[in-house]
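Chemist: just the structure for this:
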Amino acid sequence: MKWPTIEQMTTMAPLPDGYRYEWLKRAEIPELVECIERWHPDIAVGGGSCYLREEFYTDKVCLDGEDEQTILVGLFKRGDELVGMWSWEQEPDALTLYARLIVIAPEHRSAKLASKVMPLAELAGRAMGAEFFFGLATLKIPHMQHALETAGWQLIGFTSGYDREQVAPGVVKRVFEGVYTKVLVPEEDLHRPDPDNLTPKARALFDFLFPAGPASGDAGGAQ
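Modeler: Numbering: from 1, shown residues only. As a prediction, this is how the structure comes out:
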């Protein structure tokens with residue numbers, strides 16, 4: 001799967017006047033690390049803490065002009081000012097994309113830049129040939145939950161301890177997060193499991209999350 005160009009993204013999901021997309025350049029890594037640390041101090045603990053380490057970008061991130069890595073970091077800029085970032089990861093064998101992180105400078109959150117990434121994820125994913133997108137949303141604040149639900153992503157459950165957060169000064173615990181998905185293929189391309197192969201608990205939850213429509217036949221799932 002080939003990452004989209006800046007021009008393609010700008011056409012797919014235009015930003016508010018004065019803002020633009022850019023790919024992260026190698027020389028911008030120290031500035032981005034400093035900005036993320038300032039914008040989102042809680043990220044120092046848990047899975048997102050890798051975004052505070054410069055070697056993470058040099059070793060694993062697709063930087064501007066390169067496309068051999070499976071993790072992408074995009075920037076939001078206004079003039080010369082860095083005002084936000086987002087990151088996706090692709091799993092090429094599964095044709096799947098993972099929405100890893102979105103962080104916006106507090107003084108620019110009213111521009112709703114994060115909400116622009118939601119429709120962009122779907123459009124860019126389809127253009128790349130991806131068939132499934134998923135992400136985890138913090139339950140500490142509702143903003144990302146609202147953004148994902150407004151964009152039509154489906155809440156399919158909660159992780160019980162997948163990641164770690166500082167829940168109080170000096171107190172780190174494993175936390176619950178919401179799991180949101182967006183299926184990028186037609187419903188007829190989804191295969192429903194045989195109910196006989198599900199335990200009663202699994203079948204009850206599956207039927208609740210993915211109720212069969214009158215013409216669903218052998219397919220199922222939610223878009």
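
Chemist: what lines up beside the helix or strand containing residue 181 in the sheet?
Modeler: Taking DSSP states H and E as the criterion, residue 181 maps to strand 171-183. Sheet pairing here is set by DSSP bridges, and for strand 171-183 it gives strand 132-138 (antiparallel), strand 154-168 (antiparallel).

Chemist: which residue packs closest to the residue positioned nearest the centre of the chain, ignoring adjacent ones?
Modeler: In the chain, the centroid-proximal residue (CA atoms, centre = their mean) is residue 99; its distance is 1.7 Å. With CB to CB, 6 or more residues apart in numbering as the criterion, residue 99 has its nearest non-adjacent residue at 3.3 Å, and that residue is residue 135. Just so you know, the C-beta spots here come from the backbone N, C-alpha and C atoms, and that holds for glycine as well.

Chemist: residue contacts, the one you found?
Modeler: Applying CB atoms under 8 Å, 6 or more residues apart in numbering to residue 135 gives the contacts 98-100, 148, 153, 179-180.

Chemist: what is the mean pLDDT for the helix ranked longest in the chain?
Modeler: Counting by DSSP state H, the longest helix found in the chain is helix 113-128. Taken as a whole, helix 113-128 has a mean pLDDT of 89.

Chemist: what residues sit buried inside it?
Modeler: Under the neighbour-count criterion of 16 or more other CB atoms under 10 Å, helix 113-128 has 113-118, 120-125, 128 buried.

Chemist: would you turn the residues you listed into JSON lines with distance to residue 170?
Modeler: Formatted as JSON lines, the buried residues of helix 113-128 follow (distance: CB to CB, whole Å):
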{"residue": "113", "distance to residue 170": "32"}
{"residue": "114", "distance to residue 170": "29"}
{"residue": "115", "distance to residue 170": "33"}
{"residue": "116", "distance to residue 170": "36"}
{"residue": "117", "distance to residue 170": "33"}
{"residue": "118", "distance to residue 170": "34"}
{"residue": "120", "distance to residue 170": "38"}
{"residue": "121", "distance to residue 170": "35"}
{"residue": "122", "distance to residue 170": "40"}
{"residue": "123", "distance to residue 170": "43"}
{"residue": "124", "distance to residue 170": "40"}
{"residue": "125", "distance to residue 170": "40"}
{"residue": "128", "distance to residue 170": "42"}
